[in-house]
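**Q** coordinates only, sequence not included:
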């Protein structure tokens, strides 16, 4: 019979063999393992340095491109929208510097900015949707009929578009007496603010003329939370209303606007993308020129989604954009 001492000796022998094996294995594999680890670390470090160099090169290239476009922006935009009129509408949270840059590009193109309308946080607050509905229904023109499926924001967009834009070229940049009451009602309800421009037709500063084209500037940051879809939808409704009430409309924003919760993304995921153009590179000099080109394209009845974000079909319109002939050089004495 196998006694206890035999079991004890067997167990000791097993553990001794394991210990010897571990020691021998560690000793034999230590040097190769260290060498392999060092080789991997060297490869990763080299790859990281190469990626940093590539990133630095790309940043310098982008800076150079931006500097070039900025220096020649006036030439690239000149005459593209000559004689046209544009209203700028800001969504709540739009960056003032971005809006100002858009205005500059529009003016460089030869168009007149009739005014700037800024929607308030109250306008896109879902808790105020019933109020928005009642206001739009109460002040709409008697001949305006809302489709049964219209949301409160569809109705508000239609009413505001009637006051801000027009599809008739001969009425653009001219005041509309009936529009004053609509805009005043929305202002008193604290749903928007207006900065009007002298319209060049004998109007007084502060009186808003209707425009033939519209640009809607997206919020600087995407909407978040449970109300994000409703808020983004309110801005998309405004973009569609402005487009349908004018000769063309473009929704513009930075790359964040094309991300989840962004209004450009919401537009591109809706049926409105068939009518309203969008640009998601507004934070670049080239993107601001694309806004001008997209407006010109809208005048010819073409819609496009431009930029680098999801849903963009190209960076800029592919159709050649007509521009004014360059001004002849000024003669100098003896020249």
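**A** Looks like it arrived, so ask away. Bear in mind the structure is a predicted one, so any value in this text is a computation, not a measurement.
**Q** what about the helices in the chain?
**A** Taking DSSP state H to define them, one finds helices in the chain at 4-77, 96-108, 121-124, 129-139, 152-164, 177-188, 228-245, 263-268, 285-299.
**Q** hey, which of the ones you listed is tucked in deepest?
**A** helix 263-268 (a mean of 28; mean count of other CB atoms under 10 Å). The way it works is simple: take the backbone N, C-alpha and C, and place the C-beta from them, glycine included.
**Q** quick one: average pLDDT of that one?
**A** Over the span of helix 263-268, the pLDDT mean works out to 97.
**Q** Residues touching that helix, excluding its own?
**A** Helix 263-268 is contacted from outside by 91, 218-219, 222-223, 229, 232-233, 235-236, 239, 251-253, 257-259, 273, 276, 278-280, 305, 307, 309-312, using CB atoms under 8 Å, 6 or more residues apart in numbering.
**Q** ok, now how distant is the spatially most central residue of the chain from residue 239?
**A** Taking CA atoms, centre = their mean as the criterion, residue 253 is the residue nearest the geometric centre of the chain, at 1.9 Å. Distance, residue 253 to residue 239, by CB to CB, to the nearest Å: 11 Å.
**Q** Then residue 156?
**A** To residue 239, residue 156 is 13 Å away according to CB to CB.
**Q** how is this protein carved up into domains?
**A** Using automatic domain parsing, the domain ranges for the chain come out as 1-77, 81-306.
**Q** Comparing the ones you listed, which yields the minimum mean pLDDT?
**A** domain 1-77 (a mean of 66).
**Q** Mind putting the helices of the chain into CSV with distance to residue 83?
**A** CSV is the format used below for those (distance: least, CB to CB, whole Å):
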stretch, distance to residue 83
helix 4-77, 14
helix 96-108, 13
helix 121-124, 32
helix 129-139, 32
helix 152-164, 19
helix 177-188, 22
helix 228-245, 20
helix 263-268, 28
helix 285-299, 11
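**Q** Out of those helices, which gets nearest to residue 211?
**A** Proximity to residue 211 (CB to CB) singles out helix 152-164 among those, at 6.7 Å.
**Q** ok, back up a step: make a markdown table from the domains of the chain and add distance to residue 317 to it.
**A** Shown next, in a markdown table, are the domains of the chain (distance: least, CB to CB, whole Å):
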| stretch | distance to residue 317 |
| --- | --- |
| domain 1-77 | 13 |
| domain 81-306 | 5 |
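**Q** in stretch 81-95, what's buried?
**A** Of all the residues in stretch 81-95, those buried under the rule 16 or more other CB atoms under 10 Å are 81, 84-95.
**Q** Can you tell me which of the residues you listed is nearest residue 181?
**A** Taking CB to CB as the measure, residue 181 lies nearest residue 87 of the buried residues of stretch 81-95, at 17.6 Å.
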